[in-house]
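Asks: Next comes the sequence, and after it the predicted model I'd like to discuss.
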Amino acid sequence: MKPNTQLNIYSLSVFLLLALGACNSGKEEQKDISKKANKPLNIIYIMADDHAYQAVSAYGSKISKLAPTPNIDRIAEQGARMDAVYCTNSICGPSRSSILTGKFSHVNGFYKNVDGGDFNGAQLTFPKVFQKNGYQTAVIGKWHLGTTPTGFDYSKVLINWGGQGTYFNPQFCINGKDTVIETKRHSTKAIEDDCLDWLDNRDTTKPFMLLYQFKAPHRDWRPDSMFHELFQDFDFPLPETFEDDYAGRLAASENMMEIGNHLNRRDMKQVPPPGLSRRDSMRWLAYGDKGQYWSPNDSLTGDALKYWKYQTYIKDYLRCVAGVDRAVGSVLDYLEENGLSENTIVVYTSDQGFYLGEHGWFDKRWMYEESFKMPFLIKNPRTIEAGTTSDAMVMNVDFAPTLLDMAGIEIPSEMQGKSFKGAFEGDKKNNRKSVYYHYYEYPIWHKVQPHYGVKTERYKLMHFYYSIDEWELYDLKTDPNEMRNIYSEAAPELIELLKKELEALRKEYKDDGSIEQMRRMTDTVIRRVYNEPNKLIK
Ligand code: SGN
Ligand code: CA
């Protein structure tokens, strides 16, 4: 490890000051001192891919009790668990773009993964602002935005499989130039080791801002061999809404993301018969995507087949989560061992939520709670009390302004989100009364109708508008699982109130185009400039 003189001098002065004030209560004193010493805050922003809040044990779901995430939970124990953080477009690239820019999809331009082009890296992002303010910045792991990361002193991002990366033999691009193939380590382990290396070799005269981003636990859920033994002795309980029949929800009834009908042979780790060409073997593995029937053996059918698919899916998914949890633990340990814990903000989140069998589904995209809500844990020893829980309503466009605000950096006025730093201070004010959503990609993947909507503390109103014209309304207090669409029976005053709120948000965020214009956005094909590795990346 590199000697860190700056830190050692700092630690010594903290020790002397602490010794002098030993009669005062230790913890309070320490907080005070780190403020006085005016050490700039570092940021580690950790983001997994498709990690559902139901699979973070700090949120306390049944499943997570059987597959705990003790290291990720440390962030909540030392800081806060946020219970109402929402994604504004529940899909990878768009969510990442909104997080980076503090702007909604239609404004930052990256609103679809498929045929949605590449991220415009010339625009303002929060890493650029940190960099301008003297921070050393880096991104390591999943990026999935096509163009080379901008605003970073160092980047090492996954580029194969259309930027998704793979669990094994992942390919990375370093600083937009060199392509390396990782042949030995699982992607989670490689990303973990790279982050620790970067932290260890960074310029210690500057504060740092690191994006630490995993591919796991994204589809096709391939865990590191060190986790293969997990969960072999028991099965996971089925979620309450596993047998949903989608009554009263036309859009949901058209989906193609059912555990029973749309998991393919690759997802279920089937091995293609020998002798197939590469192309045929890919086809064989993708069989099931479009609802084609298949079973691993002659006797497994019906409910038993669906049950087997669920157990295979959820166990592999949670084994991938276990890898992420371990990797989060080693970075938290690093911060502790190197005296960085007291002046480093740590965030843990996912690019969106995910279905773990709820409504019979895998994947995301919907404004229904499981894919709309993001896990969000944050520790900032200077301002957030250990063990805090917060129900402040937050959107992913708020992350950038909040991190800047917490670091005492001015928030650029063009960012559409706003800081939620106040949720942890004084009156713990919740500065939003509703959150906004808009999803565009259709029909691939998974056939989810484009929709937009508003959520207040109690209600959720959505409009599915692409090739149907359907409104849905849920009372989350009486129907938290969103099984009863009450749009046709609700009081007209309630609907009017919610539509007013929705229109106000559409106007405020400049997303008030006509339905025709919005449909056109779905239909527009924007080619990717960069898509595969080993091409010259500009
Ligand atoms: C891949 C997956 C889809 C998934 C998208 C988007 N298919 O295309 O199931 O919805 O990614 O995921 S796969 O067979 O290639 O795994 S996202 O996280 O990047 O938005
Ligand atoms: Ca994702």
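Replies: Structure's in. What do you need? Ligands and ions are numbered 1, 2, ... in the order given.
Asks: Pull out the buried residues from stretch 198-213.
Replies: Within stretch 198-213, the residues scored as buried using 16 or more other Cβ atoms under 10 Å are 198-199, 202, 204, 207-213. In this view, the C-beta of every residue, glycine as well, is placed from N, C-alpha and C.
Asks: interface residues of the stretch 51-200 of the chain facing ligand 2?
Replies: residue 92 (Cβ under 5 Å from the ion).
Asks: Just list the residues touching the residue in the stretch 51-200 of the chain that ligand 2 sits nearest to, thanks.
Replies: Closest approach between the stretch 51-200 of the chain and ligand 2, counting by Cβ to the ion: residue 92, at 3.7 Å. The contact partners of residue 92, taken as Cβ atoms under 8 Å, 6 or more residues apart in numbering, are 49, 113, 144, 351-352.
Asks: I'd like the list of those residues that fall within helices, please.
Replies: Judged by DSSP state H, helices contain none of these.
Asks: Now narrow the residues you listed to whatever sits close to ligand 1.
Replies: 49, 113, 144 (Cβ under 6 Å from any ligand atom).
Asks: rewinding a little: quick one: the residue of the stretch 51-200 of the chain closest to ligand 2 from residue 142, how far?
Replies: 8 Å (Cβ to Cβ, to the nearest Å).
Asks: Quickly list what's touching both of the two.
Replies: residue 49.
Asks: Return the residues of the stretch 51-200 of the chain in contact with ligand 1.
Replies: 91-92, 113, 144, 164.
Asks: Ignore what I typed, I meant the chain.
Replies: 49-50, 91-92, 113, 144, 164, 218-220, 363, 445-446.
Asks: need these in CSV with pLDDT, can you?
Replies: Below are the residues of the chain next to ligand 1 laid out as CSV (pLDDT from 0 to 100):
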residue, pLDDT
49, 98
50, 98
91, 98
92, 97
113, 95
144, 95
164, 94
218, 98
219, 98
220, 98
363, 98
445, 96
446, 98
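Asks: Nearest to residue 121 among those?
Replies: Nearest to residue 121 among the residues of the chain next to ligand 1, counting by Cβ to Cβ, is residue 144 at 13.2 Å.
Asks: What about the closest one, how many residues nearby?
Replies: When counting by other Cβ atoms under 10 Å, one arrives at 26 neighbours for residue 144.
Asks: longest single helix anywhere in the chain?
Replies: Under DSSP H, the chain gives helix 302-337 as its longest helix.
Asks: can you give me the offset of that one from its chain's centre?
Replies: 15 Å (Cα atoms, centre = their mean, to the nearest Å).
Asks: Which elements pack onto it?
Replies: Counting contacts by 3 or more Cβ pairs under 8 Å, 6 or more residues apart in numbering; DSSP states H and E, helix 302-337 packs against strand 42-48, helix 70-78, helix 187-201, helix 259-262, strand 344-350.
Asks: is it possible to export those to CSV including mean pLDDT and distance to residue 280?
Replies: Converted to CSV, those look like this (pLDDT from 0 to 100; distance: least, Cβ to Cβ, whole Å):
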stretch, mean pLDDT, distance to residue 280
strand 42-48, 98, 33
helix 70-78, 98, 41
helix 187-201, 98, 27
helix 259-262, 98, 21
strand 344-350, 98, 35
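Asks: is ligand 2 contacted by stretch 355-371?
Replies: No - judged by Cβ under 5 Å from the ion, stretch 355-371 makes no contact with ligand 2; its nearest approach is 6.8 Å.
Asks: I'd like the helices and strands packed on helix 302-337 as CSV, with distance to residue 247 appended.
Replies: Converted to CSV, the helices and strands packed on helix 302-337 look like this (distance: least, Cβ to Cβ, whole Å):
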stretch, distance to residue 247
strand 42-48, 33
helix 70-78, 36
helix 187-201, 40
helix 259-262, 17
strand 344-350, 30
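Asks: What are the boundaries of the strands in the stretch 51-200 of the chain?
Replies: 80-82, 85-86, 136-141, 154-158, 171-174, 178-181 (DSSP state E, counting those that start in this stretch).
Asks: Now tabulate those strands in CSV and tack on mean pLDDT and mean neighbour count.
Replies: Shown next, in CSV, are the strands of the stretch 51-200 of the chain (pLDDT from 0 to 100; neighbours: other Cβ atoms under 10 Å):
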stretch, mean pLDDT, mean neighbour count
strand 80-82, 98, 25
strand 85-86, 98, 25
strand 136-141, 98, 25
strand 154-158, 98, 23
strand 171-174, 96, 20
strand 178-181, 94, 12
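Asks: Tell me which of those sits nearest to residue 380.
Replies: Per Cβ to Cβ, nearest to residue 380 of the strands of the stretch 51-200 of the chain: strand 80-82, 8.5 Å.
Asks: quick one, what contacts the residue of the stretch 101-250 of the chain found nearest ligand 1?
Replies: Of all residues in the stretch 101-250 of the chain, residue 219 sits closest to ligand 1, at 3.7 Å by Cβ to the nearest ligand atom. By Cβ under 8 Å, 6+ apart, residue 219 lies in contact with 50, 267, 362-363.
Asks: Mind telling me the two of those residues farthest from one another?
Replies: 50 and 267 (13.0 Å).
Asks: Now do the same for residue 440: its pLDDT.
Replies: Per-residue pLDDT puts residue 440 at 98.
Asks: cool, residue 528 as well?
Replies: Residue 528 is given a pLDDT of 81.
Asks: quick one: terminal-to-terminal distance for stretch 359-372?
Replies: End-to-end distance for stretch 359-372, by Cα to Cα, to the nearest Å: 14 Å.
Asks: ditto for stretch 330-345
Replies: 16 Å.
Asks: Please tell me how far residue 217 sits from residue 356.
Replies: Counting by Cβ to Cβ, the gap from residue 217 to residue 356 is 10 Å.
Asks: Looking at these two, which is more packed in?
Replies: When neighbours are counted by other Cβ under 10 Å, residue 217 and residue 356 differ, and residue 217 comes out ahead with 27 against 24.
Asks: Which residue does the stretch 301-450 of the chain have closest to ligand 1?
Replies: residue 445 (4.2 Å).
Asks: got the contact list for that residue?
Replies: 114, 256-257, 363.
Asks: Could you check which residue of the chain lies nearest ligand 1?
Replies: residue 92 (2.9 Å).
Asks: mind checking how far the residue of the stretch 101-250 of the chain closest to ligand 1 is from residue 201?
Replies: 33 Å.
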